[in-house]
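Engineer: have a look; sequence and predicted model below, questions after that.
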Amino acid sequence: MPTYRENIERLTLPVIPMRGIVAFPANNINFELEREFSKNACQAATSGDMNVFLLTQKNVQTEEPSEEDLYSVGCVARIKQSVKNPKTGIIRVVAEGFCRGTVLEFKNADGYFSADILTKTVSADLTDRDLRVEAMLTELRGKMEEMLRYRPAFSQSFELAARSISNPGLLSDFIAAQLFVRFEDKQAVLEEYDPMRRAERTLLLMETELDLLQTELEIHQKVKQAMDDNQRDYYLREQLKAIEYELGMGEDGDELKKRMEGVKLPDKVREKLDREIVKLGRMSPGSPEAAVIYNYVDTCLNIPWDKKTKDRIDVDAARRILDADHDGLTKIKERILEFLAVKQLNPELKNQILCFVGPPGVGKTSLGASIARAMKRKYVRVSLGGIRDESDIRGHRKTYIGSMPGRIIDALTQCGSLNPVMLLDEVDKMCQDVHGDPASALLEVLDSEQNHAFRDHFIELPVDLSDVLFICTANTLDTVPRPLLDRMEVIELNTYTPTEKLSIAKNHLLPKQLKRHGLNRRMLKITDAAIEDLIEGFTRESGVRTLERELGALCRKGAKVLVEEGRKNLTIDKPDLEKYLGPRKFIDDGVSKNDLVGVTNGLAWTEVGGDLLKVEVLPVEGSGKIELTGQLGDVMKESAQIAVTWLRAHCAEYGIQKDFYKTKDIHIHVPEGAVPKDGPSAGVTMATSLVSALSGIPVRCDVAMTGEITLTGRVLAIGGLREKATAAWTRGIKTILVPQENMRDTAEMDSVIRDEVTFIPCTTLTDVLGTALAKPAPADVLPVIGETPSAEKDSVPAIVPPQPANHPRTHL
């Protein structure tokens, strides 16, 4: 056994913390100093002709280490050279390790670390060679040679230098300093003072290092067999692929696996995703297929497979919410409350598919959000307007670049629930072309017998849509395919009456606009008369969108007046509207106060509500021609022909010449010629004007009428009576002649209109004429067409209709 000698000394030295570097005795070390406390310690050592104590940090990321962040064993070193870069301030240092040392106590120093250390040098007397020492040296050199075979970059001089060292402890320090990669392994060798024990520890660490080198070589060989020598980029990808194969899977796979553990998935879905994740783990992250698989699994995990909200089955609470959000719409509210009541009695009830049909702006879309709030469900809206590709509904196959799921699955992902209220907006505006028919794809979604296992092309897994409450909206049913319409319960939303619009404006629109413009009811007041005139003279529409915009304009004008004039409040009344909004956009023709010959008040339905439409007839001497003007459609022209033929058969009853159809040219005109008009319901109006014009009997000015006629004189039912009656009531007409079959429609009208308007049912044209015609004129006075039979004539104001870019078609 060799004889050991220990040399122990206590010193106080400046301390330089080292990041990722371990200094060893008898080894030169080069490093750079960037941190101020390290620079200060170096300057203190060089100015005081002292050594420094090099301690390694436990964490290389720590910028401001404390005493606990430093190892307790380090190396005393002598600074041989230090050069400071004047541009960067970095000091480059060359030092030589001297001996090991252990920190006894850290001292306070000005701007750097300082410590009391105990140095200890253990040396062995190797004059008489010991077999154990020789064996240890041989083992160390042998392991070193094995390591050098894996690291051909080391020169032959390195091996020669190692062979010249005959002390096991120094050889261990040399090997650890030059060959070990991890600084933790180097620190473990540094902390061993006994030379023989140090050599033993070095051998153990070399064994571990050799295993790592062997694994690295195997990976390298696997990659090299599968690559072309000239494809460097491919080599890098294959190398990464081999490394991930050895580890089992990549980070992406781990992340997806963890997410799967926290989600309750159907068995089929979990099996499918497990297979995809295993595939992903064997692929290079940079490959296009890996990106496709990752996107697919990520999308599947985002679907709320197990998330549902609990319905609020409280009919009274739902009624309060619906009433607070919308005025009117009684039929729709009752339908929703019926659904909730049945749901309470039968929780397994399948959801019905509702379709709200009505003109723009009547609240179809906002009603869907209110239903979701009433039921305490999530709400999501899917806009279908302009969709022309089936893939928008069912998604794209995931094999395509940039593929994604369809809008239905995407909507479920957005709301995070498997039983939301899903509003399919504008189903009547889907298109059909060579890319497919999206309406046909929607059949599976809306069919309660199929949607429990809806398959999106991208997901390729069954998704249960049976708990989704689908609500569709449309402006018209004409463009909705019949099979799709067959799966929906259609609920029609009529245009708002002026009374309803006034209530909506006061309770919803005006408070909303006041809040948006930083006002309140005390600062700005808009009277009911002003709102009524705003509805009638500035915003004739089916809904309330334009009304809301005009109220917003009044709020802006009012805010400007309040700020500029320093006023605390402002009231806007009916006379102020033209001051703030400009001239009225709609000017009424005004209902005549006197009975006129050949002029009858008809009623029409338009996309923006009902309207009063006069029909004028003027016979002149001629050869029996019939002239029709006012952009009349084919159906309306046929109604005129029917009226003339019926009058030929009944001319004697009204004192009309039997040959009027030979001796008179009849001109029928419907004013507002810029607006196209069509429909059968103007038949009674045309017939009444014809009888009046040819007989000279005036038509009552306080009566309006609507109805289709036949050759036998029967009056048939028409549509849109609610809107037509509203238009007549708005113009001050309190008597309306309607077909007998339409009397049942009066039950759905506003109570104010039912109370103030007299509806007279008519079965035949004779019934209509008996009420509409005034008393016959005196025989010696033949009135001029369009004038009263009396001496006093009432001038008729000119009709000044608005001139929009595209005139809405009027249906009579």
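Structural biologist: The structure has been received and is ready for your questions.
Engineer: the closest residue to C701 other than its chain neighbours: helix or strand, and which one exactly?
Structural biologist: Excluding its sequence neighbours, the residue lying closest to C701 (C-beta to C-beta, 6 or more residues apart in numbering) is S592, at 4.6 Å. In this view, the C-beta of every residue, glycine as well, is placed from N, C-alpha and C. Per DSSP states H and E, S592 falls between elements, in no helix or strand.
Engineer: quick one, phi psi at S592?
Structural biologist: When read as degrees, to the nearest 10, the backbone of S592 gives phi -60, psi 140.
Engineer: if I look at it, how far off is V52?
Structural biologist: For S592, the distance to V52 equals 113 Å [C-beta to C-beta, to the nearest Å].
Engineer: which one's more surrounded, these two?
Structural biologist: V52 (26 against 19; other C-beta atoms under 10 Å).
Engineer: for the helix or strand encompassing L769, name the packing helices and strands.
Structural biologist: Using DSSP H and E, L769 sits within helix 765-772. In terms of contacts (3 or more C-beta pairs under 8 Å, 6 or more residues apart in numbering; DSSP states H and E), helix 765-772 is packed against helix 683-695, strand 703-705, strand 715-716, strand 735-739, strand 758-762.
Engineer: now distance to Y661, mean pLDDT and mean neighbour count too, for those, in a markdown table please.
Structural biologist: As requested, the helices and strands packed on helix 765-772 are exported to a markdown table (distance: least, C-beta to C-beta, whole Å; pLDDT from 0 to 100; neighbours: other C-beta atoms under 10 Å):
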| stretch | distance to Y661 | mean pLDDT | mean neighbour count |
| --- | --- | --- | --- |
| helix 683-695 | 10 | 94 | 28 |
| strand 703-705 | 24 | 95 | 28 |
| strand 715-716 | 23 | 94 | 22 |
| strand 735-739 | 26 | 95 | 24 |
| strand 758-762 | 25 | 95 | 16 |
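Engineer: adding distance to H396, write the ones you listed out as TSV.
Structural biologist: Output for those, formatted as TSV (distance: least, C-beta to C-beta, whole Å):
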stretch	distance to H396
helix 683-695	53
strand 703-705	56
strand 715-716	51
strand 735-739	53
strand 758-762	57
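Engineer: just so I know, which of the ones you listed lies nearest D323?
Structural biologist: Nearest to D323, of all the helices and strands packed on helix 765-772, is strand 758-762, at 28.7 Å by C-beta to C-beta.
Engineer: re earlier: distance from the helix holding L769 to the middle of the chain?
Structural biologist: Offset of helix 765-772 from its chain centre (C-alpha atoms, centre = their mean, to the nearest Å): 58 Å.
Engineer: with only the CA atoms kept, save it in PDB.
Structural biologist: In PDB, the C-alpha atoms belonging to helix 765-772 read as follows (Å, rounded to 0.1, in the frame of the first residue of the first chain):
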ATOM      1  CA  LEU A 765    -118.200  40.400 -55.900                       C
ATOM      2  CA  THR A 766    -121.700  41.600 -55.400                       C
ATOM      3  CA  ASP A 767    -121.100  41.800 -51.600                       C
ATOM      4  CA  VAL A 768    -118.000  43.900 -52.300                       C
ATOM      5  CA  LEU A 769    -119.700  46.300 -54.600                       C
ATOM      6  CA  GLY A 770    -122.700  46.700 -52.300                       C
ATOM      7  CA  THR A 771    -120.500  48.000 -49.600                       C
ATOM      8  CA  ALA A 772    -117.700  49.800 -51.600                       C
END
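Engineer: in that helix, what counts as buried?
Structural biologist: Buried positions in helix 765-772, judged by neighbour count with 16 or more other C-beta atoms under 10 Å: L765, D767, V768, L769, A772.
Engineer: and if you look at stretch 653-670?
Structural biologist: Those would be Y654, I656, F660, Y661, K664, I666, H667, I668, H669, V670, for stretch 653-670 by 16+ other C-beta under 10 Å.
Engineer: outside of that stretch itself, list whatever touches it.
Structural biologist: With C-beta atoms under 8 Å, 6 or more residues apart in numbering as the test, stretch 653-670 has contacts from 602, 613-630, 632, 636, 640, 644, 647-648, 651-652, 677, 682, 686, 689-691, 693-695, 697, 769, 776.
Engineer: show me which residues of the longest helix belonging to the chain are buried.
Structural biologist: Counting by DSSP state H, the longest helix found in the chain is helix 195-225. Within helix 195-225, the residues that qualify as buried are 195-196, 198-203, 205-206, 209, 213, 219, 222-223, counting by 16+ other C-beta under 10 Å.
Engineer: so for that helix, mean pLDDT?
Structural biologist: Helix 195-225 carries an average pLDDT of 84.
Engineer: just say helix, strand or coil for the closest residue in space to H396 that isn't next to it in sequence.
Structural biologist: Among residues not flanking H396 along the chain, S403 sits closest, at 3.9 Å (C-beta to C-beta, 6+ apart). At S403 the chain is in coil, as set by DSSP: H, G, I helix; E, B strand; the rest coil.
Engineer: and S403, how far from K331?
Structural biologist: Plainly put, S403 is 43 Å away from K331 if you go by C-beta to C-beta.
Engineer: and if you look at E289?
Structural biologist: 54 Å.
Engineer: now A505
Structural biologist: Using C-beta to C-beta, A505 is found at 22 Å from K331.
Engineer: and if you look at D211?
Structural biologist: The span separating D211 from K331 equals 80 Å under the rule C-beta to C-beta.
Engineer: please apply the same query to F31.
Structural biologist: Remark: distance between F31 and K331 (C-beta to C-beta) = 85 Å.
Engineer: neighbour count: the two, which is higher?
Structural biologist: Taking neighbours as other C-beta under 10 Å, F31 and K331 compare with F31 leading, 17 against 12.
Engineer: not counting its neighbours along the chain, what's nearest the residue positioned nearest the centre of the chain?
Structural biologist: Centroid-nearest residue in the chain: Q414, 7.1 Å away (criterion: C-alpha atoms, centre = their mean). Counting by C-beta to C-beta, 6+ apart, V380 is the residue found nearest to Q414 once chain neighbours are left out, at 5.7 Å.
Engineer: and the one you found, bridged to which residues?
Structural biologist: Listed beta-bridge partners, V380: M422 (assigned using DSSP bridges).
Engineer: can you get me a residue count around it?
Structural biologist: V380 - counted by other C-beta under 10 Å - has 23 other residues nearby.
Engineer: buried set for the helix or strand where K120 lies?
Structural biologist: Under the criterion of DSSP H and E, K120 resides in strand 113-125. Going by neighbour count (16+ other C-beta under 10 Å), the buried part of strand 113-125 is F113, S114, A115, I117, T119, T121, V122, A124.
Engineer: so the second one touches L11, yeah?
Structural biologist: Going back to what we said before, that points to S114. No - if you go by C-beta atoms under 8 Å, S114 and L11 don't touch, sitting 10.8 Å apart.
Engineer: circling back: okay, and which of the contacts of stretch 653-670 map to strands?
Structural biologist: 602, 613-621, 626-629, 677 (DSSP state E).
Engineer: need the helices for the stretch 701-812 of the chain, in chain order.
Structural biologist: Along the stretch 701-812 of the chain, counting by DSSP state H, counting those that start in this stretch, helices occupy 721-730, 751-756, 765-772.
Engineer: distance to L337 and mean pLDDT added to those, as TSV?
Structural biologist: Shown next, in TSV, are those (distance: least, C-beta to C-beta, whole Å; pLDDT from 0 to 100):
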stretch	distance to L337	mean pLDDT
helix 721-730	23	87
helix 751-756	21	86
helix 765-772	41	93
